[in-house]
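> my questions are about this predicted structure, shown below with the sequence.
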Amino acid sequence: MIRTIIIDDEEKARYNLKQLLIEYATDIQIVGEASNVADGIQLINQTKPELVFLDIQMPDGTGFDLLERLPEVSFKVIFVSAYDHFAVTAFKFSAVDYLLKPVNAEDLEKALEKVNKGDNYQPAKIKVLLGNRTGIEKIVLPSMDELIFVKINDIVRCESDSNYTCFYLEDGERILVSRTLKEYEDLLEPMGFYRIHKSSIINLRFLKKYKKGDGGIVTMEDGTEIEVSRRRKDDFLKVLQNQG
């Protein structure tokens, strides 16, 4: 049995989650619940859980505050939160699992499957998540056999390779990631990146020059030349003007 606690300031949310766990997770043993950060820390110290369902916003702080106040995080964490754009973005950049309220059975089962498989990288992921809480600085990239933690500002460009994405870093390192370029377009564009072609996303910070043409060609500071698609040219020029 997996010793589990629930930390959430909403009594109804705690009740609903408990009912789902009773019905769909026979290997879960709920050993306690708390409604705020202070009581949550005390409960963790008392019960030594293996798994914590952790709310983000609570009266006396956040779930992030709770984790930062612990000397170490020796348990698995599944965050449970009402939709918060910044928190969700931070989770995605950090590759940390989360559930949105109201929690449904399908999402809960998927999250628990990942817990049962084990994740030796979760402490490192949580460290990235806490570092990203006031501003996104790092992204977790799943390569073929490991996770790589990369500063956003070190990424020069990303290139599609079928169902994979190749990241090119400022120091010349290349990282092949088992996710599509589209997934990273949605994450990176708000961070100063732009998809200039179906197969290329660039970090505008490393753009050296743009040569006009049918679609045009950009030259990056690492010397790479990349075609701009005709379809994206006008929007790209608008982005460049706004950059100026």
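Great, that's in hand.
> just want the most central residue of the protein.
Note on the chain: the residue nearest the mean C-alpha position is residue 92, at 1.9 Å, using C-alpha atoms, centre = their mean.
> list of residues touching stretch 40-53?
2-8, 17, 28, 31-34, 54, 58, 66, 69-70, 75-78, 80, 99, 115 (C-beta atoms under 8 Å, 6 or more residues apart in numbering). Bear in mind the C-beta positions are built from the backbone N, C-alpha and C, glycine included.
> sorry, that was for stretch 85-100
Stretch 85-100 is contacted by residues 53, 56, 77-83, 107-108, 111, 114, 122, 125-126, 128-129, 132-133, 136, 138-140, 142, 147, 187, 190 when judged by C-beta under 8 Å, 6+ apart.
> shaky segments in the protein?
Scanning the chain for pLDDT under 70 picks out the ranges 83, 244.
> domains in it, by residue range?
Following automatic domain parsing, the chain resolves into domains at 2-131, 150-243.
> how about the secondary structure of residue 40?
Here residue 40 is recorded as helix under DSSP: H, G, I helix; E, B strand; the rest coil.
> how many other residues sit next to it?
Neighbours of residue 40 under the rule other C-beta atoms under 10 Å: 30.
> please apply the same query to residue 63.
23.
> for the residue nearest to it when sequence neighbours are not counted, grab phi and psi.
Using C-beta to C-beta, 6 or more residues apart in numbering and skipping residues adjacent in sequence, the residue nearest residue 63 is residue 54, 4.2 Å away. Dihedral angles of residue 54 (phi, psi; degrees, to the nearest 10) stand at phi -120, psi 120.
> for residue 54, give the beta-bridge partners.
Note on residue 54: beta-bridge partners by DSSP bridges are residue 7, residue 79.
> equivalent analysis for the one 4 residues further on, please.
According to DSSP bridges, the residues that bridge with residue 58 are residue 61.
> sorry, back to before: ok, the residue nearest to residue 63 touching residue 76?
No: the criterion here is C-beta atoms under 8 Å, and residue 54 misses it with residue 76 at 10.3 Å.
> more neighbours, the two?
A count of neighbours by other C-beta under 10 Å puts residue 54 above the other of residue 54 and residue 76, at 26 against 22.
> which ones are touching that one?
7, 8, 40, 63, 66, 67, 77, 78, 79, 80.
> which two from the residues you listed end up farthest apart in space?
8 and 67 (14.8 Å; C-beta to C-beta).
> residue 204 and residue 189: what is the separation?
Distance, residue 204 to residue 189, by C-beta to C-beta, to the nearest Å: 10 Å.
> whoops, residue 54 was the one
29 Å.
> if we can go back for a sec, quick check: buried residues in the helix or strand encompassing the residue nearest to the centre of the chain?
Following DSSP states H and E, one finds residue 92 within helix 85-94. In terms of neighbour count (16 or more other C-beta atoms under 10 Å), helix 85-94 has its buried residues at 87, 89, 90, 91, 92, 93, 94.
> count of neighbours near the closest residue to residue 229 other than its chain neighbours?
Of all residues not flanking residue 229 in the chain, residue 197 sits nearest, at 4.7 Å (C-beta to C-beta, 6+ apart). Residue 197 has 20 neighbours, counted by other C-beta under 10 Å.
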